[in-house]
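1. structural data only, the sequence is not supplied:
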DNA sequence: TGTCGACATCGACAACCATCGAAACCGCGT
DNA sequence: ACGCGGTTTCGATGGTTGTCGATGTCGACA
């Protein structure tokens, strides 16, 4: 596990100024849209929230897969979230633990920060 | 104009606690996902940023439609953003002006607020 | 070594979506 | 009344996505 996958790099470089401050560039829009799109599904949103609010900031798949869809579908959505750079995963024994990327919440919140105006 | 359309209501009710504080409910996830999905497209993200960062907080379609797609497509994306509750529109003379819903940035930023931990 | 449980991948299918050109709509001058 | 420029709506189309059951992989534990 641990990401031998195409994953967007959010942490690197100044990504980005608040959307309300200055027009986002085409290339930045491409990268950022991937993150928002990843949260643009109810099931993924619940999985993400379940993990983000879990004890210790991480959760095993078995603890969060009760969201009304089949197990392969849960796995599919977790993969999407990981490829979007929102989650990290690690295998420990029989279980796989997911946690929220440490920077991603701050980055996205900054993007949506209201500008003083 | 001015919204004779199905539009999600974000402002009303406590929507929501930060995703990282407690697991989001199924119904809230449904509503919130619509907003994130709306920003989950590079073209819409640029349109939104163009409007949010414009002078006076609003922009005419003619000022922002240079994003590399046809004009009907721009209109389609603006409609999506409006239906998601992110934008408001108003016709003034020949032109239609869009502005960011006054509450939406704060609401979404709050959703993504990192919890102290 | 063999089996079991947790999780990921595969293949298929229906639903959805971004995009376009054409056409309709709507104020505003003339 | 007419035409015009700005904007939306319509219809079609190709690509993407969410979902599932079946199958594969990987540790753990007899």
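-> That came through fine. Worth saying up front: this structure is predicted, and the values here are computed from it rather than measured.

2. when you work out contacts or count neighbours from here on, use the C-alpha atoms and nothing else.
-> Will do.

3. centroid-nearest residue for chain A?
-> residue A:86 (2.1 Å; Cα atoms, centre = their mean).

4. who are the neighbours in contact with it?
-> Residue A:86 makes contact with A:35, A:100, A:101, A:104, according to Cα atoms under 8 Å, 6 or more residues apart in numbering or on different chains.

5. ok, so of the residues you listed, who is nearest residue A:65?
-> Comparing those against residue A:65 with Cα to Cα places residue A:100 closest, at 16.1 Å.

6. just grab the bridge partners of the closest one for me.
-> residue A:87 (DSSP bridges).

7. now for it, how many residues are close by?
-> 23 (other Cα atoms under 10 Å in any protein chain shown).

8. same check, this time on residue A:35
-> When neighbours are defined as other Cα under 10 Å, residue A:35 has 26 of them.

9. ok, it - contacts?
-> When the contact criterion is Cα under 8 Å, 6+ apart, the partners of residue A:35 are A:81, A:84, A:85, A:86, B:40.

10. any low-confidence regions in chain A?
-> When the per-residue scores of chain A are filtered using pLDDT under 70, the ranges that remain are A:1-14, A:117.

11. who in it is up against DNA strand C?
-> A:60-62, A:71-76, A:78-79, A:94-97 (Cα under 7 Å from any atom of the strand).

12. and with 6 Å instead?
-> Residues of chain A lying near DNA strand C by Cα under 6 Å from any atom of the strand: A:60, A:61, A:62, A:72, A:75, A:76, A:94, A:95, A:96.

13. tell me who's in contact with the second one.
-> With Cα under 8 Å, 6+ apart as the criterion, the residues that contact residue A:61 are A:95, A:96, A:97, A:98.

14. would you confirm that the third one belongs to a strand?
-> So the one you mean is residue A:97. Yes. Counting by DSSP: H, G, I helix; E, B strand; the rest coil, residue A:97 is part of a strand.

15. having no further points to raise, I will conclude here.
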